[in-house]
Every structure is written in C-alpha cells, then in structure tokens.
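S.K.: Predicted model and sequence below, questions to follow.
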Amino acid sequence: PAEIGQLSQLTRLYLNQNQLTALPAEIGQLSQLIELELAENPLKDIPEKIRQRFQL
C-alpha cells in the first residue's frame with residue numbers, strides 16, 4: 001500500500017517470496033532504508049523512484 005512511504009524510520013524491508021508483481025513507488029521515499037530484498041517475486045517492473053533510490 002502507498003502508506004508504506006510513511007514508515008520513515010524503516011531500515012530493512014524483506015519481501016521475498018510474496019508473489020508480488022508490482023511495488024508501490026512510495027518505497028523510494030524511505031530515506032533510511034538500506035536493505036530491500038525482493039527475491040523470488042514475479043515483478044513486472046520496478047518504479048523509477050525505487051530504481052534511482054537503490055541505483056538499480
């Protein structure tokens with residue numbers, strides 16, 4: 001959900017094996033996030049905001 005962008009102190013987010021096909025762009029607003037794991041999800045695209053934030 002878009003509200004995830006409000007978790008300003010979140011440092012790690014593990015979303016492995018959740019059958020995710022998309023991610024909310026708001027994840028890119030998590031300024032304290034240092035680790036994002038997305039293994040084994042059939043993602044179709046990663047929003048540009050997230051790509052820039054994590055230099056993907």
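M.R.: Noted; the coordinates are in hand. Not measured: the values here are computed from a predicted model.
S.K.: residue contacts, D45?
M.R.: Going by Cβ atoms under 8 Å, 6 or more residues apart in numbering, D45 touches A22. Just so you know, the C-beta spots here come from the backbone N, C-alpha and C atoms, and that holds for glycine as well.
S.K.: residues contacting the nearest residue in space to E35 that is not next to it in sequence?
M.R.: By the measure of Cβ to Cβ, 6 or more residues apart in numbering, the closest residue to E35 outside its immediate chain neighbours is R12, 4.4 Å from it. Contacts for R12 (Cβ under 8 Å, 6+ apart) come out as L33, I34, E35, L36.
S.K.: Excluding chain neighbours, what is closest to the first one?
M.R.: This means L33. Closest to L33 by Cβ to Cβ, 6+ apart is L10, at 5.8 Å.
S.K.: What of the last one?
M.R.: Closest residue in space to L36, ignoring its immediate chain neighbours: L13 at 5.2 Å, by Cβ to Cβ, 6+ apart.
S.K.: Is the one you found in a helix, a strand, or coil?
M.R.: With DSSP: H, G, I helix; E, B strand; the rest coil as the basis, L13 sits in strand.
S.K.: Based on its surroundings, how many neighbours for it?
M.R.: Using other Cβ atoms under 10 Å, the number of residues around L13 comes to 15.
S.K.: Repeat that for R51.
M.R.: 12.
S.K.: From L7, how far out is it?
M.R.: Remark: distance between R51 and L7 (Cβ to Cβ, to the nearest Å) = 20 Å.
S.K.: rewinding a little: now the buried members of the contacts of R12.
M.R.: With neighbours counted by 16 or more other Cβ atoms under 10 Å, the contacts of R12 contain buried members at L33, L36.
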